[in-house]
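# this one's sequence-less:
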């Protein structure tokens, strides 16, 4: 059986109650509502899956907005935290404890699949396998909305990672990537040719934050892209 989940996310992060965010990612909220706000107001039935759903902060947003909400996550502690967070707000989502390199869902099942910097925590071969599964599980016309770290991210050099294949690092000595295990940083070409392979790319944005005061060399950089299944 193929596996991509790095157990350090359980042992170094979620089991220690780290990265259990309470609120949804702001840019994710913005783009999802731009894409589906009208349909949601019309009470259209939409099914969403979040890859690497973590502590459930984004699942709460989806469920509250009226999506039929699914999450898949490899960490036992994160799944438990997500269920607790949803229950505290009287919301429901179907959370599966599994490795998303092989999605346990039927073909053409989801209107939207979301990846908020989860797929990028893999080697390139696994990323391609995951993307193939995403395409399989999307309905025709369904969308894949992905947030992925860029090669312009300052953490590559500042945090002391070790390159294990081109663009893929592990062994970070400090910073936010230290407990996260393997991380792939994408070029624009990789985003188009790998992450959105055989999807119609609707938009692609390169988002970069440079902290000027106080000055920080470890700036943040990510791609935000949305592809549609023909």
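Thanks, I have it. Just so you know, these numbers come straight off a predicted model, no measurement behind them. Numbering: from 1, shown residues only.

# Residue 87 - that's part of a helix, no?
Yes: according to DSSP: H, G, I helix; E, B strand; the rest coil, residue 87 belongs to a helix.

# How many residues are close by it?
11 (other Cβ atoms under 10 Å). Glycine gets a C-beta too; all of them are placed from N, C-alpha and C.

# for the lowest-mean-pLDDT helix or strand in the chain, which positions count as buried?
Lowest by mean pLDDT, DSSP states H and E among the helices and strands of the chain is helix 155-158, with a mean of 85. Buried positions in helix 155-158, judged by neighbour count with 16 or more other Cβ atoms under 10 Å: 155-156, 158.

# just checking, what's the longest helix in the chain?
Ranked by number of residues, the top helix in the chain under DSSP state H is helix 26-41.

# Look up how far residue 5 lies from residue 124.
Separation of residue 124 from residue 5 (Cβ to Cβ, to the nearest Å): 16 Å.

# which residues does residue 224 contact?
27, 31, 145-147, 203-205, 207 (Cβ atoms under 8 Å, 6 or more residues apart in numbering).

# which non-adjacent residue is nearest it?
Closest residue in space to residue 224, ignoring its immediate chain neighbours: residue 205 at 4.5 Å, by Cβ to Cβ, 6 or more residues apart in numbering.

# can you count the residues close to that neighbour?
12.

# element containing it, please.
Counting by DSSP states H and E, the element that carries residue 205 is strand 200-211.

# Tell me which strands that strand pairs with, and in which orientation.
According to DSSP bridges, strand 200-211 forms sheet pairs with strand 216-228 (antiparallel).

# In TSV: the contacts of residue 224, plus pLDDT and distance to residue 171.
Shown next, in TSV, are those (pLDDT from 0 to 100; distance: Cβ to Cβ, whole Å):
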residue	pLDDT	distance to residue 171
27	96	29
31	98	33
145	98	30
146	98	25
147	98	23
203	98	34
204	98	30
205	97	30
207	92	26
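
# Emit the PyMOL select command for whichever of those residues are buried.
What follows is the PyMOL syntax selecting those of the contacts of residue 224 that are buried according to 16+ other Cβ under 10 Å:
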select buried, resi 31+145+146+147+204
